[in-house]
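1. this is the structure alone, sequence omitted:
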Ligand SMILES: Cc1ncc(C[n+]2csc(CCOP(=O)(O)OP(=O)(O)O)c2C)c(N)n1
């Protein structure tokens, strides 16, 4: 750190010249970056040589996908941009899933790739890949830096674009000759990009129309999405819902954006949503979507059966979202927090007294439930145990599959940025590295990674990072010896023709953890789960828990693809 501070001091002298890679690092320091995730290679050798000074904390992942998911977890846990560095060709292409993941969930990332020298571009040079072309549809913006003098402006713009408006991943591709070239360092104080002026303040007339609609509504409901978390609008949302007397359902990405312990909360909607949330969406007369994009896991793509009797209000920072999936009666473009602040000034009370009784009755009559067992370990019971023993005070990351849905259902998230999951892309392999990033960002929190035996095997090489840096993530493998969510679909929709979902030939996860120098425990009974979880929580370092659960368990409620929200399978007949 000191060395780079000296370099920064030197940079103030006009004549001093720096290499492009030094300028890059100086620019990152100017942006307040504390930690970068990455993996070296030929095209980024100059950058890694500059990193040798120790000026910037670098986390050496064991695969670039691990690096980018860790940077993503860091970003989700803090709201700041995550930074990842990869070399050209295979290093860059290994970032692709992580970039798409961040784009789908609107996560701010700055992805720095090296490329071959400009004299070699287009020659099929060793480790050359057109990463800008490959990632064009999955980045918010991208830069190919052809002049060393552009690096400070590009970095400044990249952070600005990644973190403002609707956040997203920005790629900076730097050919090796530019990293090696020399220039003085001047970091711009301000940024102004023609054609990129995110619209933040709502139109006052639209807010008045929202008030009018609330005043008239008898059966209003709020659908709150990830935009509430991104905007840091949780307090404004509570104030709005309480003043207007409107129940709230939060999407997967919105979990924690409205407390799961609040009496107005109806649970998560959609394919594995609660009866109360889905029926509120079916029967409402006013639907206020806030930072939610009405995706097909919520609407089931059956718009003919979705909120058909409702006026739809859609609040979103991204005008492209308005009208994309549902017809909108009152569009309000703006930063969700600012819109709610404006809406909270003079928001009327809706006429929802009967409706609130109705939704509360649904919540009571149709709670989430599962058939517990004393002989075996039910996955839902495990999640509830984690919730109860931590009193919900934890950051939980998940992988993708059944366990992800059970976490969403049975861990009642009370705080924003406490649930970290791959929502839009549904990328297996996300859970474990994102937990490492989240824990590095928020070292004082308990970070739990709930993963599947399938998903964990996609990025478990990052155990090396956990061990080396003693990152105390508690990894809970919900081990059902199969690709559970696929098995469930094959059972329900493909007449139990189980095709390629058997994972019985998996490694011994306890030994695997130990091979990396991480503590491992196995539990096959409830008593063992209680015991090993207690030990895991009292161990100061990383832990892997291999918890054997009943493999035939399914996630319910469930709405089958092609069905509407009125056709929920509650699962009782199975139990
Ligand atoms: C990279 C990737 N490949 C394939 C899938 C499709 N997929 C969704 S859930 C799932 C099964 C996950 O199994 P596991 O990790 O064991 O979790 P479980 O469902 O058993 O909880 C699969 C294969 C995916 N989401 N991501």
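-> That came through fine. Quantities reported herein were computed from a predicted structural model and do not represent experimental measurements.

2. name the SS class of residue 315, please.
-> Following DSSP: H, G, I helix; E, B strand; the rest coil, the label given to residue 315 is strand.

3. kindly report the same for residue 396.
-> strand.

4. what does residue 355 give?
-> Residue 355 ends up helix, using three-state DSSP.

5. mind listing what it touches?
-> For residue 355, the contact set (C-beta atoms under 8 Å, 6 or more residues apart in numbering) comprises 218, 219, 220, 247. For glycine as for every other residue, the C-beta is placed from the backbone atoms N, C-alpha and C.

6. tell me the pLDDT of the first one.
-> In other words, residue 218. On the pLDDT scale, residue 218 is placed at 98.

7. ok, it to residue 208 distance?
-> Per C-beta to C-beta, to the nearest Å, residue 218 is found 20 Å from residue 208.

8. please apply the same query to residue 114.
-> Relative to residue 208, residue 114 is positioned 52 Å away (C-beta to C-beta).

9. host element of the closest residue to the ligand within the stretch 101-250 of the chain?
-> Proximity of the stretch 101-250 of the chain to the ligand (C-beta to the nearest ligand atom) peaks at residue 101, 9.8 Å away. If you go by DSSP states H and E, residue 101 is part of helix 96-104.

10. check which helix or strand covers the nearest residue to residue 30 once chain neighbours are set aside.
-> The shortest distance from residue 30 to any non-neighbouring residue, by C-beta to C-beta, 6 or more residues apart in numbering, is to residue 187 (4.6 Å). Using DSSP H and E, residue 187 maps to neither a helix nor a strand.

11. was I right about residue 187 contacting residue 27?
-> Yes: the pair residue 187 / residue 27 is scored as a contact, 6.1 Å apart, by C-beta atoms under 8 Å.

12. surely residue 411 touches residue 382?
-> No: with contacts counted by C-beta under 8 Å, residue 411 stays clear of residue 382, the gap being 10.5 Å.

13. so how far is residue 234 from residue 211?
-> Here the criterion is C-beta to C-beta. By it, residue 211 lies 21 Å from residue 234.

14. TSV for the contacts of residue 355, including secondary structure, distance to residue 136 and neighbour count?
-> Formatted as TSV, those follow (DSSP: H, G, I helix; E, B strand; the rest coil; distance: C-beta to C-beta, whole Å; neighbours: other C-beta atoms under 10 Å):
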residue	secondary structure	distance to residue 136	neighbour count
218	coil	47	13
219	coil	44	22
220	strand	41	27
247	coil	41	26
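
15. could the residues you listed go into CSV alongside distance to residue 127?
-> Conversion of these to CSV gives the following (distance: C-beta to C-beta, whole Å):
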residue, distance to residue 127
218, 63
219, 59
220, 56
247, 54
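
16. let's have those residues in a markdown table, adding distance to the ligand.
-> Below are the contacts of residue 355 laid out as a markdown table (distance: C-beta to the nearest ligand atom, whole Å):
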| residue | distance to the ligand |
| --- | --- |
| 218 | 40 |
| 219 | 35 |
| 220 | 34 |
| 247 | 30 |
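
17. low-confidence ranges in the stretch 301-450 of the chain?
-> Under the criterion pLDDT under 70, no range of the stretch 301-450 of the chain is flagged.

18. can you pull out the strands in it?
-> Under the criterion DSSP state E, counting those that start in this stretch, strands of the stretch 301-450 of the chain are mapped to 311-316, 330-333, 395-398, 419-420, 447-452.

19. same question, the stretch 51-200 of the chain
-> In the stretch 51-200 of the chain, the strands defined using DSSP E, counting those that start in this stretch lie at 57-60, 82-86, 109-115, 141-144, 169-175, 182-183.

20. highest mean neighbour count out of those strands?
-> Mean neighbour count (mean count of other C-beta atoms under 10 Å) peaks for strand 82-86 among the strands of the stretch 51-200 of the chain, with a mean of 30.

21. enumerate the residues of this protein near the ligand.
-> Contact residues (C-beta under 6 Å from any ligand atom) of the chain with the ligand: 399-403, 426-429, 452-455, 478, 480, 483-486.

22. and the residue nearest to residue 259 when sequence neighbours are not counted, how many neighbours does it have?
-> Excluding the flanking residues, the one nearest residue 259 by C-beta to C-beta, 6+ apart is residue 414, at 4.5 Å. Using other C-beta atoms under 10 Å, residue 414 has 18 other residues around it.

23. which phi and psi does residue 414 have?
-> Main-chain dihedrals, residue 414, degrees, to the nearest 10: phi -100, psi -20.

24. pLDDT wise, what is the residue of the stretch 51-200 of the chain found nearest the ligand at?
-> Proximity of the stretch 51-200 of the chain to the ligand (C-beta to the nearest ligand atom) peaks at residue 97, 7.0 Å away. According to the per-residue confidence, residue 97 scores 98 in pLDDT.

25. and the strands of the stretch 301-450 of the chain as TSV, adding distance to residue 388?
-> Converted to TSV, those look like this (distance: least, C-beta to C-beta, whole Å):
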stretch	distance to residue 388
strand 311-316	35
strand 330-333	39
strand 395-398	13
strand 419-420	17
strand 447-452	13
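
26. these into a markdown table, with extra columns for mean neighbour count?
-> Listed next are these as a markdown table, based on neighbours: other C-beta atoms under 10 Å:
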| stretch | mean neighbour count |
| --- | --- |
| strand 311-316 | 25 |
| strand 330-333 | 21 |
| strand 395-398 | 29 |
| strand 419-420 | 27 |
| strand 447-452 | 29 |
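
27. go through those and name the closest to residue 531.
-> Between residue 531 and those, the shortest gap by C-beta to C-beta is with strand 447-452, which sits at 16.9 Å.

28. dump the strands of the stretch 51-200 of the chain into CSV; add mean pLDDT as well.
-> Formatted as CSV, the strands of the stretch 51-200 of the chain follow (pLDDT from 0 to 100):
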stretch, mean pLDDT
strand 57-60, 98
strand 82-86, 99
strand 109-115, 99
strand 141-144, 98
strand 169-175, 99
strand 182-183, 98
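
29. so which of those comes closest to residue 22?
-> Comparing the strands of the stretch 51-200 of the chain by C-beta to C-beta, strand 182-183 comes nearest, at 9.1 Å.

30. tell me the strands beside the closest one, with direction?
-> Its sheet considered, strand 182-183 pairs with strand 18-19 (antiparallel) by DSSP bridges.

31. centre of the chain to the partner strand, how far?
-> For strand 18-19, the distance from its own C-alpha centre to the chain's C-alpha centre is 36 Å (C-alpha atoms, centre = their mean, to the nearest Å).

32. skip ahead from that strand and say which helix or strand is next.
-> helix 20-30.

33. and that following helix, average pLDDT?
-> In this model, helix 20-30 has a mean pLDDT of 98.

34. quick check: angle from that helix to strand 169-175?
-> Taking axes from the mean of the first three to the mean of the last three C-alpha atoms, to 10 degrees, one finds that helix 20-30 is oriented at 150 degrees with respect to strand 169-175.

35. and helix 20-30, what other elements does it pack with?
-> Counting contacts by 3 or more C-beta pairs under 8 Å, 6 or more residues apart in numbering; DSSP states H and E, helix 20-30 packs against helix 2-11, helix 45-51, helix 151-163, helix 176-180, strand 182-183.

36. worst mean pLDDT among these?
-> Note on the helices and strands packed on helix 20-30: lowest mean pLDDT is at helix 2-11, with a mean of 60.

37. please enumerate residues in contact with whichever strand or helix holds residue 249?
-> Per DSSP H and E, residue 249 falls inside strand 248-250. Strand 248-250 is contacted from outside by 221-225, 228, 237, 241, 256-258, 260, 262, 264-269, 273-274, 277, 280-281, using C-beta under 8 Å, 6+ apart.

38. show me what counts as buried in that strand.
-> Within strand 248-250, the residues that qualify as buried are 248, 249, 250, counting by 16 or more other C-beta atoms under 10 Å.

39. which residues of the stretch 201-350 of the chain fall in helices?
-> Applying DSSP state H, counting those that start in this stretch to the stretch 201-350 of the chain gives helices spanning 204-216, 226-231, 234-244, 275-283, 296-299, 336-344.
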